[in-house]
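S.K.: got a sequence here, can you model it:
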Amino acid sequence: MKRQTVHRSMAVWLLIVLQFLLGFGAFVSGGLLVAATNGSVMQMPLSMLEHSPFSNFLIPGVILFSLLGVYPLAVTYSLWRKPTWRWPEVINPFKHMHWSWAASLAAGVILLIWIMVQVLLLQSVASLHILYFVWGLVLLLLTLTPGVRQHYAR
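M.R.: This is a model prediction of the structure:
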């Protein structure tokens, strides 16, 4: 059976790449925080957590690994392949769009929430917070562009 060639715009490719890079980075970073809950591998002192409810990096690492690592990697795959899985359709609030489009929006929102909670708990703003906040906004804006919407419309 011959595969059909799918044309993707630059906006769609950029969205796929940004989701992949977010997922890959968080997958590795979250995994390192889970592996070394004292933050030593990532050179993050436990004192960073003094205003947070956490005594070590285990829970933040698990959240980072799963919600910002595994999830965006799954979103990347779904944006690229547009699989016809039924279970994501059940929770897709945008029935006129492929579920991967809604998943991409959710990944952007998750990133923005993660960064805002981090800033509140750490009681400081670092350049990486700004970078990832902008990254989250770009994910949302790219997902909402007409070309991307058209690509994932039913």
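S.K.: mind listing what residue 132 touches?
M.R.: Listed by CB atoms under 8 Å, 6 or more residues apart in numbering, the contact set of residue 132 reads 111, 114-115. For the C-beta atoms, the positions are set from N, CA and C on the backbone; glycine is no exception.
S.K.: ok, and the most crowded of those?
M.R.: With neighbours defined as other CB atoms under 10 Å, the most crowded of the contacts of residue 132 is residue 111; it has 24 neighbours.
S.K.: helices along the chain, start to end?
M.R.: 10-35, 58-65, 71-81, 87-91, 99-122, 127-144, 146-152 (DSSP state H).
S.K.: would CSV of those helices with distance to residue 50 be doable?
M.R.: CSV is the format used below for these (distance: least, CB to CB, whole Å):
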stretch, distance to residue 50
helix 10-35, 17
helix 58-65, 14
helix 71-81, 28
helix 87-91, 37
helix 99-122, 9
helix 127-144, 17
helix 146-152, 41
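S.K.: reformat these as a markdown table; add distance to residue 47 and mean pLDDT.
M.R.: Below are the helices of the chain laid out as a markdown table (distance: least, CB to CB, whole Å; pLDDT from 0 to 100):
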| stretch | distance to residue 47 | mean pLDDT |
| --- | --- | --- |
| helix 10-35 | 15 | 98 |
| helix 58-65 | 14 | 98 |
| helix 71-81 | 29 | 98 |
| helix 87-91 | 39 | 95 |
| helix 99-122 | 10 | 97 |
| helix 127-144 | 17 | 98 |
| helix 146-152 | 42 | 97 |
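S.K.: nearest to residue 45, of these?
M.R.: Each of the helices of the chain has some distance to residue 45 by CB to CB; the shortest is helix 99-122, at 11.7 Å.
S.K.: output the closest one as PDB - backbone C-alpha positions only.
M.R.: Below are the C-alpha coordinates for helix 99-122, written out as PDB (Å, rounded to 0.1, in the frame of the first residue of the first chain):
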ATOM      1  CA  TRP A  99      -7.700  15.700  18.800                       C
ATOM      2  CA  SER A 100      -3.900  16.300  18.500                       C
ATOM      3  CA  TRP A 101      -4.700  20.000  17.900                       C
ATOM      4  CA  ALA A 102      -6.500  20.200  21.300                       C
ATOM      5  CA  ALA A 103      -3.600  18.300  22.900                       C
ATOM      6  CA  SER A 104      -1.200  20.900  21.500                       C
ATOM      7  CA  LEU A 105      -3.200  23.700  23.100                       C
ATOM      8  CA  ALA A 106      -3.300  21.800  26.400                       C
ATOM      9  CA  ALA A 107       0.500  21.300  26.300                       C
ATOM     10  CA  GLY A 108       0.900  25.100  25.900                       C
ATOM     11  CA  VAL A 109      -1.400  25.800  28.800                       C
ATOM     12  CA  ILE A 110       0.400  23.200  31.000                       C
ATOM     13  CA  LEU A 111       3.700  24.800  30.300                       C
ATOM     14  CA  LEU A 112       2.400  28.300  31.200                       C
ATOM     15  CA  ILE A 113       0.900  26.900  34.400                       C
ATOM     16  CA  TRP A 114       4.100  25.100  35.300                       C
ATOM     17  CA  ILE A 115       6.200  28.200  34.900                       C
ATOM     18  CA  MET A 116       3.800  30.400  36.800                       C
ATOM     19  CA  VAL A 117       3.600  27.900  39.700                       C
ATOM     20  CA  GLN A 118       7.400  27.600  39.700                       C
ATOM     21  CA  VAL A 119       7.900  31.400  39.900                       C
ATOM     22  CA  LEU A 120       5.300  31.600  42.800                       C
ATOM     23  CA  LEU A 121       6.900  28.700  44.700                       C
ATOM     24  CA  LEU A 122      10.500  29.700  44.200                       C
END
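S.K.: that's all I had, so thanks and see you.
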